[in-house]
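Participant: Quick one, fold the following:
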Amino acid sequence: MQASKDRCSVAILIAAGLTLSLAGGCMVGPEYHPPQTPAPAAWAGVARTPDGKTTVATAQSARLAQWWRQFNDPMLNELIDEGIGANLDLKLAEARLRQARAVSGIARGGLWPSVTATGGYERQHIAGVTPDNKSVGFYQSGL
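Facilitator: Numbering: from 1, shown residues only. Below you'll find the predicted structure:
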């Protein structure tokens, strides 16, 4: 019984010692000052367009999208172009993006007014209905 009490007290002493040593390692000296990290006053990301949109569609690709070209390494450019051309995941993502844009365009198309028009003409000749036995024309139009 005494041996189990001794083991328990040794385990408690070890745990307390580890806790104190770990807690002491987290302390900093009295001369510590946190580093000053300069932050911009405003977000310097995507500029807003005059109509309030955050992105602008352009015919040119973004410079950031081809950052590796700054290294002026023709072999690197060739390897990346080959990788992009053979990447089926990118082609699938592009196809899904085009599909989503098409579905969005179809959905927005229902929000605009539409105009329909119909018209018709029918000519019948019924014997004995008119006094002079002539054909009768029926006109129909509508919007």
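
Participant: what's the neighbour count on residue 77?
Facilitator: Using other Cβ atoms under 10 Å, residue 77 is surrounded by 14 other residues. All C-beta spots, glycine's among them, are computed from the backbone N, C-alpha and C.

Participant: any idea which helix or strand carries it?
Facilitator: helix 74-86 (DSSP states H and E).

Participant: repeat for residue 6
Facilitator: Using DSSP H and E, the element containing residue 6 is helix 2-25.

Participant: Give me the buried stretch members for the helix holding residue 77, please.
Facilitator: Judged by neighbour count (16 or more other Cβ atoms under 10 Å), helix 74-86 contains no buried residues.

Participant: who's in contact with the helix or strand following that helix?
Facilitator: Downstream of helix 74-86, the next assigned helix or strand under DSSP H and E is helix 88-109. Applying Cβ atoms under 8 Å, 6 or more residues apart in numbering, the contact partners of helix 88-109 are residue 84.

Participant: Now do helix 88-109 and helix 74-86, the angle between them.
Facilitator: Orientation check (axes from the mean of the first three to the mean of the last three Cα atoms, to 10 degrees): helix 88-109 against helix 74-86 gives 60 degrees.

Participant: Show me what the following helix or strand past helix 88-109 is packed against.
Facilitator: Next helix or strand after helix 88-109 toward the C-terminus (DSSP H and E): strand 118-124. For strand 118-124, the elements it packs on are strand 136-142, judged by 3 or more Cβ pairs under 8 Å, 6 or more residues apart in numbering; DSSP states H and E.

Participant: name the helices or strands packed onto the helix holding residue 77?
Facilitator: So helix 74-86, by 3+ Cβ pairs under 8 Å, 6+ apart, packs with no helix or strand.

Participant: State the mean pLDDT of it.
Facilitator: Per-residue pLDDT over helix 74-86 has a mean of 88.

Participant: got a list of contacts for that helix?
Facilitator: With Cβ under 8 Å, 6+ apart as the test, helix 74-86 has contacts from 68, 69, 90.
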